[in-house]
Structure formats: structure tokens, C-alpha cells
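how would this look folded up:
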Amino acid sequence: MTERLYFLSDSLIAEVEVLACTATAEGYAVELRATPFHPQGGGQPSDTGWIGTAEVQRVVQDGERILHQVNRPLQPGRVLARVDEQRRRLHARLHSAGHLIGHIGETHGWQPVKAHHWPGEGKIEFVPGLEPRPLDGAALQAHFDALVEADLPLHSEVDAAGQRQVRFGEDVARYACGGTHVRSTRTVGQLSVLGLKEKKGRLLVSYDMAGA
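The predicted structure follows:
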């Protein structure tokens with residue numbers, strides 16, 4: 001099992017150990033003992049960056065392993081890894097914004113069931129809870145802005161089974177989540193796109209971030 005360093009650390013540079021490097025049709029797949037790179041999944045794109053002099057082009061989950069697709073072979077042993085900071089920060093903002101939107105939907109009686117946090121494609125899908133209430137764009141925007149302005153800190157906990165729970169502040173909904181997040185809500189920034197649509201009894205919220 002690959003240890004996920006990003007679960008409890010925001011460090012984008014880490015000394016890592018290369019366990020294996022296998023040639024593939026796309027280049028080389030590298031397995032590390034522990035990784036600072038987030039793999040694609042959970043509605044979030046993968047990190048990119050560098051392992052030694054090799055460029056990390058994509059990171060994927062393979063069972064309990066995380067594989068790093070790189071452009072040149074690496075020898076087993078210790079090497080320095082660096083995550084692309086600009087890409088990570090953007091994805092962390094988008095993912096964190098999704099948490100806030102999910103929480104706001106819950107305060108109106110809607111339950112989030114699907115989330116997609118890709119740049120230009122952000123969307124959260126809700127199903128009705130016990131007592132769903134109407135939610136319009138103005139109310140969602142005002143609540144979102146208030147949560148950002150409150151600068152609520154991130155709380156992240158990992159249990160003995162390796163499952164992580166994430167929340168902002170004390171009152172925002174807690175979610176089981178393997179993604180990356182900002183340290184506090186003010187870092188999320190402003191929404192540049194916000195749209196709401198009800199379809200077949202479901203509520204669809206689309207969003208994007210300023211500066212994305």
C-alpha cells in the first residue's frame with residue numbers, strides 16, 4: 001500500500017523511495033513507498049510534477065498502490081519529489097469549494113451524492129433529503145461568501161483503517177474525503193461561475209473559481 005503523505009501534510013517537496021519502475025506504452029510507471037502526489041479520483045484530477053529529473057505526467061490509483069506515469073526511467077532508491085504547486089493549489093481550491101457548496105445544500109435539506117471538481121467543469125449533484133427547501137443562486141452565493149470570509153480552518157483526521165475525515169471549522173459538514181484542500185476557507189477565493197438547475201428531482205450546482 002502506498003502511503004499518502006498529502007493526507008496530513010501540505011508539503012509539496014518530499015524525499016521519496018522508488019520501489020519499482022516499469023515500462024508502459026505511455027512511458028514508465030513508478031511506484032513509491034510514500035507519495036506527496038494525489039492520484040486522479042474522488043472527482044479531482046491528479047497532481048503532476050517531478051520525481052528526480054523525471055516529469056510526472058499523470059498519477060493513478062491501482063488497487064492499494066499509487067502509480068506515477070513519468071517520461072523517463074528511475075532507479076530504485078531515494079530521490080526528491082516535487083509537486084507542481086500551481087496545479088495543486090487550483091485543485092485544492094476547487095475541491096474545497098465543492099465541500100462548502102455540499103454543506104450549503106445540506107443546510108437546505110439536500111444531500112450531495114456526486115461531485116466533480118475539474119477546472120471549468122465543477123459540479124455537485126444533490127438528491128432531496130427529508131425536507132428539501134428551495135435554494136437559489138443568490139442565497140447559495142451569499143452563504144458561500146460568508147463561509148469564505150469566516151476563514152474557517154481545515155480539520156483533517158485519519159483513522160486506523162486509513163480513512164480520512166475532512167471539515168472546515170466546527171459547524172461545516174464533515175465528509176469522508178481523499179482529496180486535497182486549502183488550509184482555511186479564505187484561501188478558496190471567489191466563485192467565477194455559479195449555476196443551479198433542478199432536473200428529475202435532483203439539484204445540480206455548477207461552479208468555477210476566479211483565477212482558475
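
and Val148, what are its phi and psi?
Taking degrees, to the nearest 10, you get phi -60, psi -50 for the backbone angles of Val148.

Roughly how far does the spatially most central residue of the chain sit from Val70?
Closest residue to the average C-alpha location of the chain: Gly179 at 3.3 Å, with C-alpha atoms, centre = their mean. Computed as C-beta to C-beta, to the nearest Å, the Gly179 to Val70 distance reads 22 Å. Bear in mind the C-beta positions are built from the backbone N, C-alpha and C, glycine included.

for Leu135, same thing?
44 Å.

Specify which residue of the two has the higher count of neighbours.
More crowded of Leu135 and Val70, by other C-beta atoms under 10 Å: Val70, with 25 against 20.

What's the mean pLDDT across the longest helix out of those in the chain?
With secondary structure taken from DSSP state H, the chain has its longest helix at helix 85-107. Per-residue pLDDT over helix 85-107 has a mean of 97.

in that helix, what counts as buried?
By neighbour count with 16 or more other C-beta atoms under 10 Å, helix 85-107 contains the buried residues 87-105.

Also stretch 143-156?
Residues of stretch 143-156 classed as buried by neighbour count (16+ other C-beta under 10 Å): 143-144, 147-148, 152, 154.

could I get the longest helix of the chain in PDB with only the CA atoms?
The C-alpha coordinates for helix 85-107 follow below in PDB (Å, rounded to 0.1, in the frame of the first residue of the first chain):
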ATOM      1  CA  GLU A  85       2.400  24.000  -7.000                       C
ATOM      2  CA  GLN A  86       0.100  26.000  -9.300                       C
ATOM      3  CA  ARG A  87      -1.800  22.900 -10.300                       C
ATOM      4  CA  ARG A  88      -2.200  21.600  -6.700                       C
ATOM      5  CA  ARG A  89      -3.400  25.000  -5.400                       C
ATOM      6  CA  LEU A  90      -6.000  25.300  -8.100                       C
ATOM      7  CA  HIS A  91      -7.300  21.700  -7.500                       C
ATOM      8  CA  ALA A  92      -7.300  22.300  -3.700                       C
ATOM      9  CA  ARG A  93      -9.400  25.500  -4.100                       C
ATOM     10  CA  LEU A  94     -11.900  23.800  -6.400                       C
ATOM     11  CA  HIS A  95     -12.200  20.700  -4.200                       C
ATOM     12  CA  SER A  96     -12.600  22.900  -1.000                       C
ATOM     13  CA  ALA A  97     -15.300  25.000  -2.800                       C
ATOM     14  CA  GLY A  98     -17.100  21.800  -3.500                       C
ATOM     15  CA  HIS A  99     -17.100  20.900   0.200                       C
ATOM     16  CA  LEU A 100     -18.700  24.300   1.000                       C
ATOM     17  CA  ILE A 101     -21.300  24.000  -1.700                       C
ATOM     18  CA  GLY A 102     -22.100  20.500  -0.400                       C
ATOM     19  CA  HIS A 103     -22.600  21.800   3.100                       C
ATOM     20  CA  ILE A 104     -24.800  24.700   1.900                       C
ATOM     21  CA  GLY A 105     -27.000  22.200   0.100                       C
ATOM     22  CA  GLU A 106     -27.300  20.100   3.200                       C
ATOM     23  CA  THR A 107     -28.500  23.200   5.300                       C
END
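
Nothing else from me, thank you.
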